[in-house]
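Curious how this folds, go ahead:
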Amino acid sequence: MKTFTDKVAAITGAGSGMGRSLALELARRGAHLALSDIDDASVAYTAAACRDFGVHVTARRLDVSDREAVFAWASDTAEMHGKVNFIFNNAGVSLSVPVATARLEDVEWLMNINFWGVVHGTQAFLPYLAASGEGHVVNTSSLFGIVAMPTQSAYNASKFAVRGFTEALRMELDLAGSPVSATCVHPGGVATNIVHTSRIDDSITTLTGMDAQTHRRRANKLIDVTSADAAARQILAGVSHNARRVLVGADARRVDKLARLLGGSYQALVVWFYRRTAVARKPAASTASASPPTSSTASNADAARGTSAGASD
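Model (predicted):
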């Protein structure tokens, strides 16, 4: 798809971060928009800014983990706009916790948004994309869908899942000769609000030597590599060239090359880095022996977590 002019794009997580930047860049290029986000006020703000470009914009509050709501949104979008050419499954959240102390409800919360939200959005919009004669599914994975990191097991699982799901979808569409294509996006460090809305369990201190607030501050510094606006332009460049995979940011490209070069050995490098930078206070300790969270530790963890149910990546 070489141009976005007069096309219709649906975007989840459009209230902030990459979702907002994608909406604004698409509007600037003449695309009409169907925007959604878990936060009413933020998506309304994005919609108002996009309308300044003279394009048709609809917006609504949406929890992407709600399958029926996502399918209803897809149907309404097709009815209100007459067609749909793109679905950007962009909404996402994060969770930092060691495997040994992860609570099932937290992992399910993340998977319901990061993975099932992508599945719902893809399946809901596919018929309308095909009917348009020229459609594209754009699913947001992550650099952490290429390499794994300590305390990120759930987030890694969701983003690796999005990668496998999207790559399989792209091959199925190719085999079927479909007018729809698919691209998997792997952002590196992009300055968004995902860390602010993340859930961080206090039990990470045992493994990393950092409490939840220190971890949040450090994570914010690490993601401040590529602006959301620059990320949006890189994503749209990849989509316009029908790329199978888009690596966003120089850091994503470097880590991807390193992972290809080292294979599974990159994990030893990560452990070495954690130890060398004194992040891992007790590198020899085994998390397998950690006790499951009690009601008191769970309560402490709740106090350190954000409450967003689907912020933009």
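
Any regions of this protein where pLDDT drops low?
Filtered on pLDDT under 70, the chain yields the residue ranges 1, 189-225, 277-313.

For it, which segments count as strands?
8-11, 32-37, 57-61, 86-89, 95-96, 135-140, 180-187, 199-200, 245-248 (DSSP state E).

Summarise which helices and strands the first one is packed against.
The criterion is 3 or more C-beta pairs under 8 Å, 6 or more residues apart in numbering; DSSP states H and E, and the helices and strands that strand 8-11 contacts are helix 17-28, strand 32-37, helix 67-81, strand 86-89, helix 116-132. Just so you know, the C-beta spots here come from the backbone N, C-alpha and C atoms, and that holds for glycine as well.

Who are the contact partners of residue 21?
227, 228, 229, 231, 232 (C-beta atoms under 8 Å, 6 or more residues apart in numbering).

what do you get if the cut-off is 7 Å, keeping everything else the same?
Contacts for residue 21 (C-beta atoms under 7 Å, 6 or more residues apart in numbering) come out as 228, 229, 231, 232.

same deal with residue 53?
27, 28.

What values do phi and psi take at it?
phi -90, psi 0 (degrees, to the nearest 10).

Look up how far residue 157 lies from it.
38 Å (C-beta to C-beta, to the nearest Å).

Same check on residue 23?
Applying C-beta to C-beta to residue 23 and residue 157 gives a distance of 28 Å.

now swap in residue 102 and tell me
Taking C-beta to C-beta, one finds residue 102 at 10 Å from residue 157.

same deal with residue 242?
Taking C-beta to C-beta, one finds residue 242 at 28 Å from residue 157.

And residue 229, by the same measure?
Residue 229 is 29 Å from residue 157, by C-beta to C-beta.

Check residue 88 too.
Residue 88 is 22 Å from residue 157, by C-beta to C-beta.

Who has more neighbours out of the two?
residue 88 (31 against 18; other C-beta atoms under 10 Å).

on that earlier part again, quick one: closest of the helices and strands packed on strand 8-11 to residue 59.
Smallest distance to residue 59 across the helices and strands packed on strand 8-11 (C-beta to C-beta): 4.3 Å, for strand 32-37.

Partner strands of that closest one, with direction?
Using DSSP bridges, the strands paired with strand 32-37 are strand 8-11 (parallel), strand 57-61 (parallel).

now could you export just the CA positions of the longest one as CSV?
Taking C-alpha atoms only, strand 57-61 is exported to CSV below (Å, rounded to 0.1, in the frame of the first residue of the first chain):
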residue,chain,number,x,y,z
VAL,A,57,-12.5,10.8,12.8
THR,A,58,-14.5,8.7,15.1
ALA,A,59,-13.4,7.7,18.6
ARG,A,60,-14.6,5.6,21.5
ARG,A,61,-13.5,4.1,24.8
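
now that strand against helix 67-81, angle please.
Here strand 57-61 runs at an angle of 160 degrees relative to helix 67-81 (axes from the mean of the first three to the mean of the last three C-alpha atoms, to 10 degrees).

Tell me how far strand 57-61 lies from the chain's centre.
From the chain centre to the centre of strand 57-61 is a distance of 20 Å (C-alpha atoms, centre = their mean, to the nearest Å).

ok, now how distant is residue 74 from residue 228?
Distance from residue 74 to residue 228, by C-beta to C-beta: 25 Å.

Can you say which of the helices and strands packed on strand 8-11 is nearest to residue 140?
Closest among those, using C-beta to C-beta: strand 86-89, at 6.4 Å.
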